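Undergrad: Give me a 3D structure for the following:
(one chain, ligands or ions: 1)
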Amino acid sequence: MRLDKFISYALNLTRKEATSLIKSGRIKIDGNVIKSGDTKVLGKVYLDDQEIIYKEYRYFMLNKPKGYLSTTSGEKSVLELVSGVKDLKVCGRLDIDTTGLIILTNDGDFIHKVTSPKSDIYKTYYVEVDGEFINSHVESFKNGFDLIDTDKEIYHTKEAKLEILSTSSANISICEGRFHQIKKMCHEVGCVVTNLKRIKIGSLTLDESLKEGEYKELKKEELDKIFVK
Ligand code: URA
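TA: Predicted coordinates for the structure are as follows:
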């Protein structure tokens, strides 16, 4: 990678800002001051003798607050909540009024791997409802429901897990991500969702020390948990 691109990505600067930083003589590669942006980075890069660590791909766990959209652009996107990283995208979708675990990353292949319908990764939601969950609903969620998708086609939901916590609260796990799926499934058993929070993707659990709107960078071992059933 060229030095100007490296500096721009690693320090979240525009290419122009990176070029002027390089020209200032504050950047070294392996002890040598380098002033030209087109130099290939083949060694360790330093700014004022402090090594610049650059990771191509970065992954963040965000505790999404209500009122934010899971879109990549436009107003009130969850991306506004994470600063200093270029080209971040949202991995999957949560409704505007849903809170909880969402992953942001600049790794497009990872997003595809997690969100592809073939991935069969279970996502777990904590739900509170107006209405009552009863034991027979466990079987209903397991067997699935015929729901209408955004394109007005009927689809049958894959096996879902309902864990009743109280008459009006439960954990529900689904391995798909159709529009309003949890809300629609609850509606099928006469319950209206009043509170919805995603708490788990695969075996990766929302870090409860994160307040709504807060995020943390994920380590490789944490990311791997997503693919553990
Ligand atoms: N199901 C829903 O109904 N809403 C979400 O945000 C996620 C799953």
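Undergrad: Would you list the phi and psi of the residue in the chain sticking out farthest from the centre?
TA: Relative to the centre of the chain, and counting by C-alpha atoms, centre = their mean, the farthest-placed residue is Asn32 at 39.3 Å. Main-chain dihedrals, Asn32, degrees, to the nearest 10: phi -110, psi 130.
Undergrad: For it, report the pLDDT, please.
TA: You'll see Asn32 listed with a pLDDT of 95.
Undergrad: Assumed Lys5 was part of a helix.
TA: Yes. Under DSSP: H, G, I helix; E, B strand; the rest coil, Lys5 sits within a helix.
Undergrad: For the residue farthest from the centre of the chain, give the beta-bridge partners.
TA: Ile29 (DSSP bridges).
Undergrad: For it, give its distance to the ligand.
TA: For Asn32, the distance to the ligand equals 52 Å [C-beta to the nearest ligand atom, to the nearest Å]. Every C-beta, even on glycine, is put in place using the N, C-alpha and C of the backbone.
Undergrad: ditto for Lys28
TA: When Lys28 is compared with the ligand (using C-beta to the nearest ligand atom), they lie 48 Å apart.
Undergrad: pretty sure Val114 belongs to a helix, no?
TA: Yes. Assigned with three-state DSSP, Val114 falls within a helix.
Undergrad: Quick one: neighbours of it, just the number.
TA: 21 (other C-beta atoms under 10 Å).
Undergrad: so who does it touch?
TA: Counting by C-beta atoms under 8 Å, 6 or more residues apart in numbering, Val114 makes contact with 91-92, 103, 121, 201, 226.
Undergrad: Try it again at 6 Å.
TA: Counting by C-beta atoms under 6 Å, 6 or more residues apart in numbering, Val114 touches Cys91.
Undergrad: what residue lies at the spatial centre of this protein?
TA: Note: the chain centre (C-alpha atoms, centre = their mean) maps to Ile103, 1.4 Å.
Undergrad: That'll do, ta.
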